[in-house]
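Peer 1: no FASTA, just this:
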DNA sequence: GTCTATACCGTGATAGAC
DNA sequence: GTCTATCACGGTATAGAC
């Protein structure tokens, strides 16, 4: 017997391959081969290729959103009634992602790279991101609006856009920063990425959304 | 006679389609069809599909780098001998991109979306970005190092990473911010994007790279 | 219900004839 | 430069084994 079901192995392989090469860059035969199953099995479990893609994308989304929302609720409670700072909110948005890197499961790493691919794709971005993540993002924007009471909605959304871009480029793990920095930084080092991203992004929000500095 | 050569029309069509659907999401037949030429002509001019992809990616890179370097030199001269501020350097990095949006040529818009796709792709990112853009980025990092004399190299590179992510997500024009903001922001509005990105990013650099705030 | 073997048929990149 | 042929490979359906 196999430790994980064949259905899960198909999802795992599809996740890894889609993340690396994109939807069209992967064949069902490659996925099946890597999963050690017959080509037709993907079709049996998921139907068309696009349905498998959606299944992969949706599989971990709820878990991810839950852990981030939980982190937000935690800082909201601990900071009541004043409400959390910008830094605390950004931290709650990012650190749960770091935890996914620590345990041995490489699936989370592939999943985040897949999000990078989707988020930055003209075609897939609009089709797939909003449905799964906008509710959660609105929770965080609401919290930021409280922390930055003079901010306009437009400012908040553009600032979030900057955060989203910085974050998803980190997900992609392209190793470009390794080359650029001549090895001083490594794109696999999520902790270093977030350690720099949290103050960077928080300062950006403050500058744009707090008048009169 | 056609206004532009068939060779250029192939490049234009390939640029638009690769930007929208990625390398594997586009067929040579689609490219040829949109360009109004025979399928085999792409092969005649560029050889293999991957060579066409590279030709598209390289076509506008030099021009882009030149206009950004020129903008950097300009602020460096006007700010001599003190050297330009972080804000001025970021401005020189971004504003030339905005200009490309103003003239009617949609090719530049497609090209930037293609950069977004490449930069955030685990597979293509490491293969294509460094070769064309790292020299220019090092010029800007050198300028930032002067403006932020206490910064470590690692800090500078991670901050640039955040800038690169925010910038390329903007390039992708996924319209996600349109949905998220309920129409208050539009991803086609590069000027608004840069107006928010410049202070956001400059503040981020300062927070991370200037001690004791 | 789960899974495999296989066949189908359209479409892809590419090369060679013209 | 253009047209056409090639031939491998893609997604998908189906029949039936376990």
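Peer 2: Yes, it's here. Keep in mind it's a predicted model, so treat the numbers as computed, not measured.

Peer 1: going by C-alpha atoms from here, please, whenever you check contacts or count neighbours.
Peer 2: OK.

Peer 1: how near is the spatially most central residue of chain A to residue A:97?
Peer 2: Centroid check for chain A by CA atoms, centre = their mean gives residue A:112 as the closest residue, at 4.9 Å. Distance of residue A:112 to residue A:97, given as CA to CA, to the nearest Å: 9 Å.

Peer 1: and if you look at residue A:56?
Peer 2: 18 Å.

Peer 1: equivalent analysis for residue A:194, please.
Peer 2: Residue A:194 is 9 Å from residue A:97, by CA to CA.

Peer 1: what do those two both touch?
Peer 2: Here residue A:194 and residue A:97 have no joint contacts, going by CA atoms under 8 Å, 6 or more residues apart in numbering or on different chains.

Peer 1: okay, now the domains of chain A?
Peer 2: What automatic domain parsing lists as the domains of chain A is A:6-57, A:61-209.

Peer 1: straight-line length of the longest one, end to end?
Peer 2: What that stands for is domain A:61-209. First-to-last distance for domain A:61-209 - CA to CA - comes to 29 Å.

Peer 1: how far does that domain sit from its chain's centre?
Peer 2: 7 Å (CA atoms, centre = their mean, to the nearest Å).

Peer 1: one more: stretch A:12-26?
Peer 2: 16 Å.

Peer 1: residues touching the residue lying closest to residue A:175 once chain neighbours are set aside, list them.
Peer 2: Counting by CA to CA, 6 or more residues apart in numbering or on different chains, residue A:187 is the residue found nearest to residue A:175 once chain neighbours are left out, at 5.2 Å. Applying CA under 8 Å, 6+ apart to residue A:187 gives the contacts A:170, A:173-178, A:193.

Peer 1: could you look up the SS state of residue A:97?
Peer 2: Secondary structure, DSSP: H, G, I helix; E, B strand; the rest coil: residue A:97 is helix.

Peer 1: neighbours around the residue nearest to it when sequence neighbours are not counted, how many?
Peer 2: In this structure, residue A:97 finds its nearest non-sequential neighbour in residue A:64, 7.7 Å apart by CA to CA, 6+ apart. Residue A:64 has 17 neighbours, counted by other CA atoms under 10 Å in any protein chain shown.

Peer 1: element containing residue A:64, please.
Peer 2: In this assignment (DSSP states H and E), residue A:64 forms part of helix A:61-78.

Peer 1: isn't residue A:181 right up against residue B:157?
Peer 2: Yes. Using CA atoms under 8 Å, residue A:181 is in contact with residue B:157, at 6.4 Å.

Peer 1: the more surrounded of the two?
Peer 2: residue B:157 (21 against 17).

Peer 1: name the next helix or strand downstream of whichever strand or helix holds the more buried one, please.
Peer 2: Assigned by DSSP H and E, residue B:157 falls within helix B:153-172. Once helix B:153-172 ends, the next helix or strand along the chain (criterion: DSSP H and E) is helix B:176-180.

Peer 1: give me the contact list for that next one.
Peer 2: Residues from elsewhere that reach helix B:176-180 (CA under 8 Å, 6+ apart): A:125-126, A:129-130, A:134, A:138, A:157-158, A:161, B:183-187.

Peer 1: just give me the closest of the contacts of residue A:187 to residue B:76.
Peer 2: Using CA to CA, residue A:177 comes nearest to residue B:76 of the contacts of residue A:187, at 25.5 Å.

Peer 1: state the pLDDT value of the closest one.
Peer 2: Looking at residue A:177, its pLDDT is 98.

Peer 1: what of residue A:212?
Peer 2: 73.

Peer 1: now do the SS call for it.
Peer 2: coil.

Peer 1: circling back: so where does the residue nearest to the centre of chain A fall, helix or strand?
Peer 2: helix A:107-119.

Peer 1: I'd like to know the average pLDDT value across the following helix or strand past that helix.
Peer 2: With elements assigned by DSSP H and E, the helix or strand that comes after helix A:107-119 is helix A:122-147. Averaging pLDDT along helix A:122-147 yields 97.

Peer 1: name the helices or strands packed onto helix A:122-147?
Peer 2: Counting contacts by 3 or more CA pairs under 8 Å, 6 or more residues apart in numbering or on different chains; DSSP states H and E, helix A:122-147 packs against helix A:61-78, helix A:86-102, helix A:107-119, helix A:153-172, helix B:6-21, helix B:176-180.

Peer 1: show residues contacting the second one.
Peer 2: Residues external to helix A:86-102 that are found in contact with it (CA under 8 Å, 6+ apart): A:64, A:67-69, A:71-72, A:75, A:108-109, A:140, A:143-144, A:147-148, A:190-191, A:194, A:198-199, A:201-202, A:205-206.

Peer 1: intersect those with the contacts of DNA strand C.
Peer 2: Contacts with DNA strand C are made by none of the contacts of helix A:86-102, judged by CA under 7 Å from any atom of the strand.

Peer 1: noted, bye for now.
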